[in-house]
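> heads up, no residue letters with this:
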């Protein structure tokens, strides 16, 4: 696994590491509530990891799509960015 590049990814990995540590620390606990909580936490970790990976892939696809569009229409992109900047400046000045 590559090292996380984004602060959110680092935080999520940290939370997952702490959860795994908790799961390992309670591995020999026999209380049904602890067993149920541990199983629920394991399922949540797996589901969260899958969701994060799908979201990351979707975001990367979006970035690639925008990059293609900008490269295909550089002047139009520049004009739109300029227009949005002017509009933001006008709105900010009103306040």
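Cool, the structure landed. This structure is a prediction, so every number in the text was calculated from the model and none was measured.
> show me what secondary structure element comes after the longest helix along the chain.
Assignment by DSSP state H gives helix 32-72 as the longest helix of the chain. On the C-terminal side of helix 32-72, the closest following helix or strand by DSSP states H and E is helix 74-94.
> what sits up against that next one?
69, 70 (Cβ atoms under 8 Å, 6 or more residues apart in numbering). For every residue, glycine as well, the C-beta is placed using N, CA and C.
> who are the packing partners of the longest helix of the chain?
On a contact count with 3 or more Cβ pairs under 8 Å, 6 or more residues apart in numbering; DSSP states H and E, helix 32-72 meets helix 7-25.
> what is the helix it packs on packed up against?
Using 3+ Cβ pairs under 8 Å, 6+ apart, helix 7-25 is in contact with helix 32-72.
> what's the offset of stretch 61-70 from the middle of its chain?
18 Å (Cα atoms, centre = their mean, to the nearest Å).
> which residues of the chain score low on pLDDT?
1-4 (pLDDT under 70).
> hang on, residue 26 packs against residue 39?
No: applying Cβ atoms under 8 Å, one finds residue 26 not in contact with residue 39, separated by 10.9 Å.
> for these two, indicate the residue with more neighbours.
Taking neighbours as other Cβ atoms under 10 Å, residue 26 and residue 39 compare with residue 26 leading, 15 against 11.
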